[in-house]
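Okay, sequence plus prediction incoming.
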Amino acid sequence: MTQALEDHAGSLPGAWMVVQWMGAHVFKVGPGQKAKVFAIFADKTGRVTLKCKDAETAAFLIEIGAAEKAPHLPRGGWAAFSLKDVDEADLKERIETSYDAVRATLTKAAQADIPAR
């Protein structure tokens with residue numbers, strides 16, 4: 001499932017991947033140094049860290065046990081989802097939500113250079 005989810009993240013307009021932070025596959029959107037992270041796949045932990053549409057949604061998902069607190073992103077609506085305990089279709093939707101939330105924080109010029117999805 002991990003490869004299918006990574007393929008999905010990489011297929012979003014303007015998305016690209018870099019390996020960093022102890023081998024994590026980090027997906028970003030935007031140009032070069034101004035790109036922003038929207039998904040972190042950490043093979044060692046079996047989790048994907050994603051931005052929720054808002055901090056309240058992240059807190060709710062953590063509270064009900066659907067996600068965990070993102071270890072290195074404790075604020076801003078980030079949550080970590082197990083790759084084993086969540087349905088692939090659900091995670092694909094969460095990846096898209098994360099992408100949309102992060103893309104919306106790019107400058108207007110950067111957003112204009114990325115094709116619509």
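Right, received. Where do you want to start? Numbers count the residues shown, from 1 in each chain.

residues touching the residue nearest in space to the middle of the chain, list them.
Ranked by distance to the mean C-alpha position of the chain (C-alpha atoms, centre = their mean), the top residue is residue 39 at 2.5 Å. Applying C-beta atoms under 8 Å, 6 or more residues apart in numbering to residue 39 gives the contacts 9, 26, 27, 48, 49, 50, 95, 98, 99. For every residue, glycine as well, the C-beta is placed using N, CA and C.

Can you tell me the SS state at it?
Look at residue 39: counting by DSSP: H, G, I helix; E, B strand; the rest coil, its state is strand.

And the pLDDT for it?
As predicted, residue 39 sits at a pLDDT of 97.

now the residue nearest to it when sequence neighbours are not counted: how far from residue 60?
Spatial nearest neighbour of residue 39, chain neighbours left out: residue 27 (4.1 Å); criterion: C-beta to C-beta, 6 or more residues apart in numbering. Taking C-beta to C-beta, to the nearest Å as the measure, residue 27 falls 24 Å from residue 60.

which of the two has more neighbours?
Neighbour count, other C-beta atoms under 10 Å: between residue 27 and residue 60, residue 27 has more, with 27 against 14.

right, and that one touches residue 36 too?
No - assessed by C-beta atoms under 8 Å, residue 27 is found out of contact with residue 36, at 10.1 Å.

Which stretches in this protein count as helices?
2-11, 55-63, 88-103, 108-112 (DSSP state H).
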